[in-house]
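Colleague: Build the 3D model from these lines:
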Amino acid sequence: MTSVDDALDLTLLRPGDAGYGDEIAGFQLGFAQRPAAVVPARSAADAVAAVRYAAAAGLPVGVQATGHGLPGGYEGGLLVSTRRMDGVAVDPGARSVRVQAGARWGQVVAAAEPYGLAPLNGSAPSVGAVSYTLGGGLGILAREFGYAADHVRWLDLVTADGELRHVTAGSDPELYWALLGAGQNLGIVTELEIGLVPVRTLYGGSLAFDGRAVDPAAVLRAYEAWTRTVPDGLTSSFAAVPYPDLPALPPHLRGRYVVSVRVAHTGADGDRIVAPLREIGPVLADSLREMPYAESHTIHSDPDFPHAYYGDSAVLRKLDVERAGELLRATGPEAGPMCVVQVNHLGGALARPAPNAVPYRDGRFLVRLLTVGERERARAVLDPAFALLAEDTLGRTLNFAFGAGDRNTGLYGPGTRKRLARVKETYDPANLFRRNYGV
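Modeller: Numbers count the residues shown, from 1 in each chain. Modelled structure (predicted):
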């Protein structure tokens, strides 16, 4: 226990201390995090003490809940680990849930499910709910309900002056606006309240095709054409994944180049809507079905074990299927590093204006490229691939900048950047919060 002053006592773990390695370990294993000290926070009071200590010591501050999507490796500074702050409390009458900084989406889904309610979570239940929401939050029901950030009612925030603020759209409109979409470098959000939606079941799953038997570019062309016909209440994505030949994988995936379309829909006509997709060709697997919302994580079946990865994203005004076909060829099984391509259909409720900083609401598609392995080798594949999309690219997304901490361009448009800079100058003029440890 390190005594900071008469008013502050907090636990500081430094390199070499027992528990330091466990505290800095996250889901993303590709980058070394070596902060000068770590505070294992258990409460908002711990977060306040940590910020006051860091300000007095002249240390930059970062926050880590689960360590998904790290933007890069860091040395020095103070890391506030919030994973122990994992409280979740549902108010079924208000259709809302209070979520602490370290809680994961799987916990929130489980807490809301008995009331026939659902959060606007993403595809992976192990992702931190608060940090995901601060980055916007593109979820599995996004086209029907919008970004998770659009549903936040209030946030409790420790600012650089070491004060705990209760932030609402009425009390601090500029700070509220900036936190939702760009909140990782404005303070430590210790808790927030977010609205839930009345969803108990959904129609969802995936259609998987053999990418060596069916042309992946043809599947993508069919998918893009199909998205022009679907209702706003249907959210979907296209993916192309060259799976390694590993015994741990299911037999139908092992060593295959799998091209799939994933779907989530709360309406009753799912089979009719997806019928054109089933005409693309013979499928490896068809998991489309009516399911409890608690099983929604099976739609994408994201890896649930820590690993090393690098990736980035591009929000597109339109999807040029010919250029996208070139991208698939450049990132396929022969590309070198294993490269995962995901194309999210945007629009619908995502295009509606909201009082927050989530950018590029006029985007039609989001392309995400992710590689497994060493960063420089990965960029040799990804940079030319993104260049193919440059003509139609509006920008990038904060939550999907995996290992791209050296690239801050394109995350926001010029007007949003200027407005964010004014908020930063007001609440963190010394730039105390400049270590983004990901979602």
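Colleague: Run a quick check on residue 298 versus residue 264, I expect a contact.
Modeller: No - Residue 298 lies out of contact with residue 264 (CB atoms under 8 Å); the separation is 10.9 Å. (Each C-beta comes from the backbone N, C-alpha and C, glycine too.)
Colleague: neighbours around the nearest residue to residue 169 once chain neighbours are set aside, how many?
Modeller: In space, not counting the residues next to it along the chain, residue 169 is nearest to residue 176; the distance is 4.9 Å by CB to CB, 6 or more residues apart in numbering. A total of 23 residues lie near residue 176 under the criterion other CB atoms under 10 Å.
Colleague: pLDDT score assigned to residue 176?
Modeller: pLDDT, residue 176: 98.
Colleague: go on, residue 439?
Modeller: Model confidence at residue 439, given as pLDDT, is 47.
Colleague: Look up how far residue 267 lies from residue 130.
Modeller: To residue 267, residue 130 is 30 Å away according to CB to CB, to the nearest Å.
Colleague: neighbour-wise, which of the two wins?
Modeller: Neighbours per residue (other CB under 10 Å) separate residue 130 from residue 267, with residue 130 holding more: 29 against 13.
Colleague: how many neighbours does the residue nearest to residue 393 when sequence neighbours are not counted have?
Modeller: Spatial nearest neighbour of residue 393, chain neighbours left out: residue 314 (4.6 Å); criterion: CB to CB, 6+ apart. Using other CB under 10 Å, residue 314 has 25 neighbouring residues.
Colleague: my read: residue 314 touches residue 386, true?
Modeller: Yes - at 5.7 Å, residue 314 counts as touching residue 386 under the criterion of CB under 8 Å.
Colleague: Could you name every residue contacting both of these two?
Modeller: Each of 367, 393 lies in contact with both residue 314 and residue 386 under the rule CB atoms under 8 Å, 6 or more residues apart in numbering.
Colleague: Quick one: low-confidence residue ranges for the stretch 101-250 of the chain.
Modeller: Along the stretch 101-250 of the chain, no part satisfies pLDDT under 70.
Colleague: how about the strands in it?
Modeller: Under the criterion DSSP state E, counting those that start in this stretch, the stretch 101-250 of the chain contains strands at 152-158, 164-167, 188-195, 201-210, 234-242.
Colleague: Rebuild those as a markdown table, extending it with distance to residue 370.
Modeller: A markdown table is the format used below for the strands of the stretch 101-250 of the chain (distance: least, CB to CB, whole Å):
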| stretch | distance to residue 370 |
| --- | --- |
| strand 152-158 | 27 |
| strand 164-167 | 33 |
| strand 188-195 | 26 |
| strand 201-210 | 17 |
| strand 234-242 | 9 |
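Colleague: Mind checking these for the one nearest to residue 28?
Modeller: Checking those against residue 28 by CB to CB gives strand 234-242 as the closest, at 18.4 Å.
Colleague: what's the angle from the closest one to strand 201-210?
Modeller: Orientation check (axes from the mean of the first three to the mean of the last three CA atoms, to 10 degrees): strand 234-242 against strand 201-210 gives 30 degrees.
Colleague: just checking, what packs against strand 234-242?
Modeller: Counting contacts by 3 or more CB pairs under 8 Å, 6 or more residues apart in numbering; DSSP states H and E, strand 234-242 is packed against helix 142-145, helix 216-227, strand 257-265, strand 339-345.
Colleague: Nearest to residue 408, out of the ones you listed?
Modeller: Residue 408 lies closest, by CB to CB, to one member of the helices and strands packed on strand 234-242: strand 339-345, at 22.1 Å.
Colleague: ok so, going back, okay, the residue nearest to residue 393: pLDDT?
Modeller: pLDDT, residue 314: 97.
Colleague: quick one: it is in a strand?
Modeller: Yes - assignment of residue 314 by DSSP: H, G, I helix; E, B strand; the rest coil places it within a strand.
Colleague: check contacts around it.
Modeller: Residues near residue 314 by CB under 8 Å, 6+ apart: 366-367, 386, 389, 393, 395-396.
Colleague: Apply 7 Å and report the result again.
Modeller: By CB atoms under 7 Å, 6 or more residues apart in numbering, residue 314 lies in contact with 367, 386, 389, 393, 396.
Colleague: Point out where the stretch 301-439 of the chain drops to low pLDDT.
Modeller: Scanning the stretch 301-439 of the chain with the threshold set as pLDDT under 70 gives 404-407, 435-439.
Colleague: just the helices in it please.
Modeller: Here the stretch 301-439 of the chain has its helices, by DSSP state H, counting those that start in this stretch, at 321-330, 375-387, 414-427.
Colleague: Those helices into JSON lines, with extra columns for distance to residue 102 and mean neighbour count?
Modeller: As requested, the helices of the stretch 301-439 of the chain are exported to JSON lines (distance: least, CB to CB, whole Å; neighbours: other CB atoms under 10 Å):
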{"stretch": "helix 321-330", "distance to residue 102": "36", "mean neighbour count": "18"}
{"stretch": "helix 375-387", "distance to residue 102": "27", "mean neighbour count": "17"}
{"stretch": "helix 414-427", "distance to residue 102": "23", "mean neighbour count": "14"}
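Colleague: Relative to residue 114, which of those helices is closest?
Modeller: Nearest of the helices of the stretch 301-439 of the chain (CB to CB): helix 414-427, 38.1 Å.
Colleague: shouldn't residue 141 be in contact with residue 120?
Modeller: Yes - if you go by CB atoms under 7 Å, residue 141 and residue 120 touch, sitting 6.2 Å apart.
Colleague: Let's have the helices of the stretch 301-439 of the chain in CSV, adding distance to residue 348.
Modeller: Formatted as CSV, those follow (distance: least, CB to CB, whole Å):
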stretch, distance to residue 348
helix 321-330, 20
helix 375-387, 25
helix 414-427, 21
